Structures are given as C-alpha cells and as structure tokens.
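**Student:** Got a predicted structure plus its sequence, pasted below:
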Protein chains: 2
Amino acid sequence: MKKIYLFCLLLGPVLSFAQSKSIYGYTPQSASAELKWEEQFDSYLKASNLDSWMKRLAGRPHHLGSAYGKANAEFMRDLFKSWGFDAEIETYQVLFPTPKIRVLEMTSPQKFKAKLSEPALKEDATSGQTSEQLPVYNCWSPDGEVTAELVFVNYGVPDDYEQLERLGIDVKGKIVIAKYGGSWRGIKPKVAQEHGAIGCIIYSDPKEDGYFQGDVYPKGPFRSAAGAQRGSVEDMPIYPGDPLTPGYGATPDAKRLDRSEAANLLKIPVLPISYGDAQPLLAALTGPVAPEKWRGALPITYHIGPGPAKVHLKLSFDWKLVPCYNVIAKLKGSEFPDQWVIRGNHHDAWVNGADDPISGMVAVLEEARAVGELVKAGWKPKRTLVYCAWDGEEPSLIGSTEWAEHHAAELQQKAVAYINSDGNGRGFLFAGGSHSLETLVSEIARDVTDPQTGISILERSKSLQLTHAATTKNKKELLAKKNLTIGALGSGSDYTPFIQHLGIPSLNLGFGGESESGDYHSIYDSYDMYKRFKDPKFDYGITLVKTGGRATLRLANADILPFDFKSFHKTVNTYLGEVTTLLETLRESTDVENQLISEKRYVYAADPTEKYIPPTAKSVVPYLNFASLQNAVAGLEKAASQYSDVQVASIKAGTNWTQLNPSLYRAEQKLLSDKGLPRRPWYKHTIYAPGFYTGYGVKTLPGVREAIEQRNWEEAQEQIEIAAKSIQAYTEAINAVSSQVNPAGVSSGK
Amino acid sequence: MKKIYLFCLLLGPVLSFAQSKSIYGYTPQSASAELKWEEQFDSYLKASNLDSWMKRLAGRPHHLGSAYGKANAEFMRDLFKSWGFDAEIETYQVLFPTPKIRVLEMTSPQKFKAKLSEPALKEDATSGQTSEQLPVYNCWSPDGEVTAELVFVNYGVPDDYEQLERLGIDVKGKIVIAKYGGSWRGIKPKVAQEHGAIGCIIYSDPKEDGYFQGDVYPKGPFRSAAGAQRGSVEDMPIYPGDPLTPGYGATPDAKRLDRSEAANLLKIPVLPISYGDAQPLLAALTGPVAPEKWRGALPITYHIGPGPAKVHLKLSFDWKLVPCYNVIAKLKGSEFPDQWVIRGNHHDAWVNGADDPISGMVAVLEEARAVGELVKAGWKPKRTLVYCAWDGEEPSLIGSTEWAEHHAAELQQKAVAYINSDGNGRGFLFAGGSHSLETLVSEIARDVTDPQTGISILERSKSLQLTHAATTKNKKELLAKKNLTIGALGSGSDYTPFIQHLGIPSLNLGFGGESESGDYHSIYDSYDMYKRFKDPKFDYGITLVKTGGRATLRLANADILPFDFKSFHKTVNTYLGEVTTLLETLRESTDVENQLISEKRYVYAADPTEKYIPPTAKSVVPYLNFASLQNAVAGLEKAASQYSDVQVASIKAGTNWTQLNPSLYRAEQKLLSDKGLPRRPWYKHTIYAPGFYTGYGVKTLPGVREAIEQRNWEEAQEQIEIAAKSIQAYTEAINAVSSQVNPAGVSSGK
C-alpha cells in the first residue's frame, strides 16, 4: 500500500489517473499505455483545422455529381495521403435525378404560383451561389404532371389516414399536402400512393420548423418563410443506395435494373415547399377543421379539404448516371492487418452543407491527421484503420451502400466495427449502435471532457437523460445504471449498410441539442450559419474528434475486442418485454374497442351534423408462442455472463486472444437472417431496422414488432422463430469463444 | 305471468314503459304516476318560447345595473306570475365598478396603442348597440396607472413562475402579459401580484380562442382578432359575491366594508385584450424563447422578455353601488311547504349574452311555464318549488351569493336541493354536483332522449366519456359502471353559495360539446350567433327543460328523497385514494428530484450559454396519518350500505318518511366545517371547493389536497382530521335515519 502510494506521488497525476481507470478489453498494462497515447492524440488537435476545412469544403455547393464535390474528394484524398494513409477514390456510377421542370400552382379558387426558391441573403456569403445550387426538390420523385383537388393529411403517416377514413375523406385521385415531421419524409408519398393519391406536396410548417421554434434566419437560426427542405424520397426501408443495383456495387460494368423495376422508387410526383408557398394553398381548403394535433403554427384555420383548392403539379427530371466518389484511406495494422476498424462520414451535401455533413467530416479529417501524428510519434495500430468519406449519402446512402455491397464478402471477413458520424453541433453526446459496444462507448464518454462544463460527456449526457425522463420510475432506473444508455440504429446515415445489411457492429456518434436550427437541407446550411449559431469555435468538433478517435484507437489496439454481451442481452431482453407487452396491450385494447364499436359508442359520441364513419371491429388478438424467443434470450443471458467471467479471467491472466477476436466481431453477423425482413430482404438484421412506416425511426426486433403492429399474426409467429434462431446462433458463437478459452467451462459465479 | 302480459297488451306502451322503470325514492305506484306526469310535462314544451324569450332577453345589453337588466327582471317576474307563481324581485345594493378610463399603449421599442374595442358587424344585429355595451374590461381591477417592461408569463399560474425562476426572470416591478386558459382568469393577476408584478394584461391567444380552433366570426363562430373576453377578477376562491358584505346579504342597510378591507379584491390593475392588440406587444419582446408549451398560435416567435417592450397601462373605474335584481318565484308545496326545491339560472350578461346565460335562462322559464300547466292539469308539488333568476352572476355570483347569505338560516332549514343551469348548447349532458344525487341524475338521463340520435342522453354522455377515456383501463371501468359519472363542482356559476357555503345538495346541468365558439363574454354572444352556430332550433334547450324539469319534479314529489349515499361513498373513497397516492407520488418524486439536484443534474443538463437557475432541494415528504379519514370513509361505506337496505325495504313496505326526509337533505350540511377552509373561511364544504390556484377548477377533499400540494404537512394532518370528522358526522346522520326506520338494525346482506 505504502509503496503504491509513494509511486503515485512520484509519478504524479498522469499515472495515478491512468491507474485509476481500466479500459474494457485491455490488460492494465495496455490500458495504461493506451491512455497515454490518447492524451497525446488530444494534444495534436487544432480547432483551426476544422474551421478552415469547413470553410473550404462548404465553400461551394457540392452535391453528388457536382464539380465541387469531386474537387472536395480529391482534396481529402490528398490530405489523407499527406498524413501517411494509403488513400484513393473509389468511384461508382449511380443514378441521380436532378430537376428540369418544377411547377406548382393553385388553379382555383384563386390563382397562385409557388415560388419554390430560397432567396440569397446578404448575411450569408454562400447563399447567392445560385448557378451551382440544386433547386428545392425531392430526389427520386418520378416525372409527372397532375392536377387535382388538394387534401391536407397532417404528417401523412398511416394513423393520419385512419383519421381521414373516420371523416369519410378519401385521397384517391387527389393531391395530398403533408407537413414535414412525424416520420422520415419518404414515408409521406409512399403512404399517399398506397391510398391512391396522385401527387404529394411536403411543406415545412413553422410549428416544427420555423418561427414557432425561434427567430428565423438571418435574425436567428430557424427556417424563414421561403426556406424549404430538399431530400430523398427513395423508399429506403425497402433498400437504400442506387436503385438500379440492389444488393451489389454500382461498378461501371454492373448489371443495372430498368428504372421501372426498382422496388424502392415511388410512382407519384413529390415536391417539397416552404411555408410561405404552403400558406395560400392551406388557407384555400375548406371541409372539416383538422384535428387539433394536426394543426400547425400558420395563422390560419387548418381545414382538411378536399378542395376547393385545386393544384397543378408538374415535375420532370434529368435521370442521368453520375460518378460517386468515395474517398477510402487505409493505415495498415501492424499485427492484424486483416482486421479493419472503419471510420466514416459522408462528404456530399444537398447544397453547401456546412453542418450536414461537413461539421462531422472535418472532425473525421482531424482525427485521421492526429492518427498520422501518433504514428510519427511511434504509435502503431495493431489493426488496420480505414477512413472513409462517402459521396451520395443525401440521395440515399449511395456511396456507403455501393461500397459495402461491392466489398460485402471482404467486409464480413475483416470489419471489426464501423464507426459513423454525420452533422455535429453543440451540446450532448448522442450515441447509437450495437449494444454489445455500449460499454466501449460509456468508457470513452467517461474519459472525454465536455468543453462547456468541465465534466465528462458521460455525465453530461446522463444528466440530460435524467432530467428529461418522463417518469420518476424512469429516473430511478437511469440513476441505477452505470453505463450510458445508447440508442438503437434505425436509418438516416451511412451505418445502415454496415449494420443492417452486413451485420458489422456499428456505432453512430455525434453531439447536439444546443444548436437547434432550421437550415436542414437548405441553402442556408452554410459556414456563416454554422459559425453564428452552431459550434462557433469548434469546441464540439474537437470533442467529436476525441470521442470518435478513442473509439477507433481502442478498437484498433484492444487485447480482447471490447464486446460486452451482457449489455446486449439486457437491451434485447427489454425489447422482448416490449413486444410481449405490445401484444397484450393490443389484445386488451382490441377487446375494449370492439365492445365500444359493437355498442355504437363511436357513432353516439360523434356530432351527427358532421360526416363520421365509425371504425370497424378488428380481429381478436391471439396469444402467440414466445417461448423460443424467451428461451433464446435466457440462453444469451447465461452465455453473456459466462463470457464475462472468461473475459475477466483472460485479462487477468494475459491470455492471448489472437485467434478468438475474429469470432467476437463476427458474432453480430449471426443476428442476420438469410431471408431478411418480410417484403424487404435487403434488411437482414433481426434486432435493428428502420421502420417500414417510420423510415429513419428504428424498430427493434423489427420482424416481430412490425408484424404485431400490422396485426399479421402468422408472420409474427414466424418472425419470433427467426429472431429466436438468430439469437441462438449468436449465443452459440459466444459460447464457442468461452469454451475455447476455458474448455472445462467456467462457473459464472451467479 | 300471463296476466301481466295481457295487462300490458291492453294498456299499451305507456304503462309497459312506466312499469319497466323504477324511480329511486318512489314507490312503484308513485313512480308510475310520476312518469305519466313527466310525459305530460314534456308535451307542453315549445321551442318557439325559448326562441322568442332569447330574442327578447338578449335583445339589448343587460349587465348588472343596466336598465335593460332591470326590464328583463320585471319581464320574467311577470311571466312567473302569469303561470301561477308567487313571484317578486328581491333587490340588493351591491358594489359594481365600470370603466371610466382604459389606456394600454406600448411606449418602446415602437409606439402602439391598443384598440380595446370590438367592432360592430353587419352580420350581427345587436353588435352595434355601442352606447349600452360595457367596454372590454376585467371587473374588480383597481384603479391604477403603471408603466413598465413587459414579461410574458404563459397562463400566469404558479407552475409558470417556477419556470420563470429557472430562467432567472423576475416579474417584480414589471407588467405581465398572460394568456387566457390554464386557470380561471382571476388567478392570473392574483399570482402576478404575489410575485411582485405591478400590472397584468390578459389576452385571448388564437391557439385556445381564435383561428386555431376554427373559422372566426362572422365566417365561423370563433374569436376574431378584435374579439376580447370581459370577466371578473375578484379573488373568488376567497369569497364570491359583493366584496363589501362577506357572509351576509347586501341589503340596503347592511354594514359595508371599506373597499380597502375587502380580502377578495386585488391590488394591481388588470385589463383583457384581443389577440389583435396582443400581437404587437408580444412580437416586441426579446429574451429567452418561451418554453414550447407556452407558445400560442400567433405567427411570431414567443419570447418571454422582460422587455424591451415597455407598456403604459392606465385604468380608472366608477365604483358605484347598483341594485341587483333577483327574480324569486315560488309555488307552494301541498304537503311539505317548508321543504324547498330550488331551481336557478342567472339572467345578467356581460353584454347581450344570448348563450351566457340566456340559453339556460329560457329553459328555466319554459320549465316553470310547463310546471304551471301541470298544476292547471291537476298536478300538485308536495314540496315548494322556488324558481330563481339571478342578477350579477358575471361580476362574481353576486345575486345568488347575497340571497343565499341573506336567507342562510332559512335555506339550511328548508332547502332540499339547488339545481343550477347556465349557458346551454348542442351536444352532451354535462352534470356535476353532490354525488349523493348521482343516481337521481342517472335515472333522469336514462329517461330523456337525445334529440339528434334518439338514444338516451345517458347513453350519449357515456359514449362520449367512453370514447374519450385516456386509457383502456379507464374504458373498462366506465363500461362496468351503470350510473353516469357526474363531476364535482368547483365554481363558475351560482351553485357555489348553496353547496360550498351552506351545504345544500346541488346540481349543475347543461348540454354542450358540439357548439364550440369564441363569443364568450364578448359583444358577439348574440341571438344571431346563437341561431347560426349553437342550438338553432333549441332542441337542446328543450332537452335541458326536460332534464332540469325532471330533477325538480322528482325532488318535489319523492316519497323518500333520492339521496344515494353509496354513490357518495364510492366517490369520496376515490378522492381518498387520490390524496394518499398524491402524497406517495410526491414523496417518491421529491426523493429523486433532490438526488438530481444534489448531483447537479439540472445544471449539467442546461445550456451554459443561457441563464439558468437550478431548483433547490425540497424538504422530505413525511408520512401522514390517514387513519381517521380511512376509518371515517369505511364507516360511511357501512352506513350507506345499511341505509340502502333500509330504503329498499321502506319503498317496498310503503313506510312513511315524512319525519325523515329533512334529515336526508340536511345531511350534506354535516360535511361543512365551522372554521371553513384555511385562509378562506367562507368555503365550508370539506369535500368540494374551487381551487385556491385554479379558481373554477374543483379541488376535492380540498383542505387535505391543497395542503399536500402546497407541502404544508402540518396543515394537511389537521385537515385530514377535519375531513374525517365531517364524514363521521355525515355518517352518523345517515345511521340516525336508518335506525329510526329500523331500530333493531338491518343486516346489509353483504
């Protein structure tokens, strides 16, 4: 005791600091060295680099296929090279429609022609680069010309159409106007099309995205009356990436589908507009007043229609193949060159994209530069590092998807993990990903300091979760938990092909919550906006470098790869509880609702002077057999606990895991099902998927959960078995590792 | 069986109808007769009477103290006389301030002068009666002239000031602007004053009361930009009525307080304005953006301030005594003339008041006329009927309060029940009152047909409750309940002095929910508005006559007065569960919140670039001794059950209850406490009171509940004992009745 005390005194705070901390997957000696290298890594970081690279990369519009996008890719490739990476540009040939004709006008009861443009502002230096800007449009809308009465459909999600049905309103043959929010944008035209609409307008309501949120640009950062949101409406929940090459890379010689064969392309024309353009259209609607929750913040009474407002929508696009430039920079691992730690961020934007994606991209560049410096200082990555700057993320994760599909076999062999980032702002760490990596993320968050408060980003994020938890019960649960709770990944950035298609353990990291704005996918997502309202000194840019950098470094050099199957088990067990509760709740509510329906309660509660169609009775919810899934999860718990003991003992004994680490990082692939999810086989992960009707929003245990939600009982039972099998295979993979270390078996001590 | 079957066939539907129904408190023979008289009553009713009386009574402005108000009183007195009632006008002399000067202007950063007036509309015939209209004002605002920075305080309730404290914003020396909603209006200046504000503006936000709700007048019925809401800001939760004569009648020779001594008058000037007048003021505020829930539907970013908007508010009033004309019409009971069934509605309005209160008043008139017809046809009320048309309700229940205070001793001796109505519209029965009358109301609702759907108003109201219940659990509970669930009475109409001051069993009846509008307390509450948007053919006016009429008739002629103490027990038992749960929840949340505070979680979750004052730890919530109250409620359950058996046996045996009925209707007085509620002794009922900080909204078990809410543990314990004693006394009164009928005691059979 005394000796250690003296030792600490002599070597001062650095060592005492290092000694006080363990790193999951590292022996004490390795951890001590790792922490020192991380301190050195931090010492290299310069906010001024982030600033000047953002100024350069966001200096001109740089969407997929643009000249400036290509120049950016080359610029970054050269940077990577200058830092000692083996960097190249991998190019795919992908479909990318851009607008030729965009017309939206109201023909009656008044004439009105939508402006469909965002004005240049003197306060925003790049807003006037008109000739290079993509106009406001929804990418993947088909060509089309329609004229019809307008119907306001709220967010345009299935629940909204349920309500329309109650009101006796049919959108068949109509053009719908939906507001942004409540789902990913691509869901709106998809559901409209399912209901027979012939066109779809999506507008930004000031409630969610305008003056209701705060002062508008340029006075404040929120969306002004002329601001509009570009964005993809590819049916990404079917499959992302180039629609013509599903499941394989869009190499120049790849076989391409005909556009009409692409299952993720919609059939009805879609156009996004500003609230300035939307107000006259909405104000001209009559019919029922919209339900209270549908109403936005425009100074009008929101009516649903249909009509009398009649609109004419005409859209046509240039459907060309363009080159998609992914920058891939590798640094070869000294011990395990065939184990890859992949770190990525996209570089393409809808316009200038200072926030989305450059704020994340510049952090990745600085991370790579600091890694280069570390190497110069004598550090060696045991595993290969692969830095990626993706092109074509905005039109639907094209660059990452084509690359992941193209190199699928190699990636499933070599990829230890994929670490993603995207736009970054001021505030709190938001982390999502494979829950086997929750401990890795929590320890990193423990070791990175929040630049504004001086506490760890772990405690800061926990403070946000604690103070925003809905109930006292939730707060107590959070207080009792040591780890940071990380989210499950749905979609909306480049992790999707890695985790959901290939089963590569993935993370998504970013900061935000204190730099809210309304510049998303507009010309005002600019360097000027970012510097005034987001992260002016790049404090959180640097914090992202420290966070993402630690994830890369710790995965690169871990003795035992830091997968914590106990965290994964706890999380999956929660999901299992949710789906069983969902079924029970649905059964109880179906019974009660059916009674209300049979007693005509809805008819009697309705105003007889207004049109009202009561709901019809639903089929009784059966009991499903969850036993296989429950047994699988119980087996996983035992395996995770046993693995944990083996891992602790191995770290203590310094056992060599060289042969075992690949089994660890490939375990997640056991969670894939060969057939994929029903009606969307590209999505193979049985635990995480973007929702079929949410788009970005995750559905966990997606096969089971969505089948229950859709009242498809047979499919639900099938999916229970599929999920059970995948968890069983995962469990067996873990047990195989444990038994190789300790063939006699280890008592878990519990 | 056969005989009865034949009997039914012979006598046809009327008798089979009568036979199939029992009436609580009636022997089968009495019930059969009663049902026939009720049918006859219904046959007299004419919607055209309601129409023509509304046209007449709402024909000109008729506020307290107005010439037309006096003429209306005389008109109604003469009607009652013509129908055979002994009618007179009982006049009090009461304080009633009306405006002399009203100025509201913004002095910086821009000049703006509020219009403070509602324009005449060609679509509304009475809207141009400018010379007789009371201008827009808050009655009981003191005279005052203040200039100060403005602060937006949301609804201006205590929770809002909590949030302001977190933001480091103090309203001391400032003028606050609060929006209508979230509480009764009088709470807003009261709480502002408690926090040191020197003036208060209340505006109607279009979110709650304007275009957000629907098309505005005259296109639709909702409040337009120039519409504003008059209304009292007397501190009614202290005591209602004439502020100068608390607790006694404002007879001409009554001793009057000096105005400065009146505990229910506020000290800071208050003025209501339209959203047209409010928008420039709110738009000129800077400072923090208001929390999301605070924001309304104006097309601006809602900031809190303080300032830079600075406003000048100048108000002065004519503080005169005016005559207050109550019309009191009696029809002497044939058997029990000293048992009074009282039926009332106010007749004064803020302006023309076609809806509020004339739509209810004309139903009461038609009820009295039909009663007169019944008498001519040979019907006799056993008990005395007292019909009342109150004056001065709008300025704070003045007419009813002064009359109830003036005749307190006689009323506590004679009043069987007080049945109130007020404005009436299209839709669903909303009933509130003493829960011992829940069965009476349910049976009446069973027997009255909804004019739109042909089902009973009971089933229609239940359908509304069922389809709007928040949870499946709530729906199941409602499905399992036979009675209609009636609400508890807070305040806002003339029942308050009867139930809460005198302990007279009371009911409040009205229809609505399908004629929502924005004409409340404006010049547009007119006959034209009512006919276009409310109850055009007076279908629900007639339904109210049938409902209120049955309540009056059944109470007048019951063999055993229809008090159902089981319903009362069940309800009070629910309240007891609520207050014990409230304490437990508060204890648990206080512990967790104190932990979050001690761990600085709120500080760490806040944006350090913005001002934020974290909450401070609160004292630990102690365990309170609920035993006395739990024992009292358990005793009540037994007594109610025993009474029920006695009552059923008596009805069967035809026992004479002449001596016992007075004990039944006086039982509710046992629920009063001599000392009244803490800091507001005028309110004596221990089960029902308007909330000290809600105003109209009820607090049940108010002494206990509010002490817990205010974290006054000592007072909470005292109030538990007081409530227990009152329920015990009530229980003893019930047991006394039971034992007089059946001195040997009756087994409840349970």
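**Tutor:** Structure received. These numbers were taken from a predicted model, which means no experiment stands behind them.

**Student:** For residue A:547, give its distance to residue A:445.
**Tutor:** 7 Å (Cβ to Cβ, to the nearest Å). Yep, even glycine has a C-beta here, placed from its N, CA and C like the rest.

**Student:** Give me the more crowded residue out of those two.
**Tutor:** Applying other Cβ atoms under 10 Å in any protein chain shown to residue A:547 and residue A:445 shows that residue A:547 carries more neighbours, namely 28 against 24.

**Student:** Check the more buried one and give its pLDDT.
**Tutor:** Note on residue A:547: pLDDT of 98.

**Student:** got the buried residues for the helix or strand containing residue A:368?
**Tutor:** Counting by DSSP states H and E, the element that carries residue A:368 is helix A:360-376. Neighbour counts over helix A:360-376 (16 or more other Cβ atoms under 10 Å in any protein chain shown) mark A:360-375 as buried.

**Student:** Could you do stretch A:64-84 as well?
**Tutor:** A:64-66, A:68-73, A:75-77, A:79-80, A:83-84.

**Student:** gap between it and the chain center?
**Tutor:** What separates the centre of stretch A:64-84 from the centre of its chain is 24 Å, taken as Cα atoms, centre = their mean, to the nearest Å.

**Student:** hang on, the earlier thing: what pLDDT, on average, does the helix holding residue A:368 get?
**Tutor:** Confidence over helix A:360-376 (mean pLDDT, whole number) is 98.

**Student:** So the nearest residue to residue A:341 once chain neighbours are set aside, which state does it fall into?
**Tutor:** Among residues not flanking residue A:341 along the chain, residue A:555 sits closest, at 4.5 Å (Cβ to Cβ, 6 or more residues apart in numbering or on different chains). Classification of residue A:555 by DSSP: H, G, I helix; E, B strand; the rest coil places it in helix.

**Student:** Run through the residues that contact residue A:555.
**Tutor:** Counting by Cβ atoms under 8 Å, 6 or more residues apart in numbering or on different chains, residue A:555 touches A:341, A:383, A:416-417, A:419, A:440, A:561-562.

**Student:** Looking at the residues you listed, which are in helices?
**Tutor:** Using DSSP state H, residue A:440 are the members of these that sit in helices.

**Student:** Could you measure from the closest residue to residue A:439 other than its chain neighbours over to chain B?
**Tutor:** Nearest residue to residue A:439 in three dimensions, chain neighbours excluded: residue A:564, at 3.9 Å (Cβ to Cβ, 6+ apart). Using Cβ to the nearest Cβ, to the nearest Å, one obtains 25 Å as the distance from residue A:564 to chain B.

**Student:** likewise residue A:554?
**Tutor:** Distance from residue A:554 to chain B, by Cβ to the nearest Cβ: 25 Å.

**Student:** one step back: just flag the most distant two among the contacts of residue A:555.
**Tutor:** Pairwise distances among those were taken by Cβ to Cβ; the largest, 14.3 Å, belongs to A:383 and A:440.

**Student:** the more surrounded of those two?
**Tutor:** Here residue A:383 and residue A:440 are compared on neighbour count by other Cβ under 10 Å; more neighbours surround residue A:440, at 30 against 27.

**Student:** sorry, back to before: report the two of the buried residues of stretch A:64-84 separated the most.
**Tutor:** Maximum pairwise distance among the buried residues of stretch A:64-84 (Cβ to Cβ): 30.5 Å, between A:65 and A:84.
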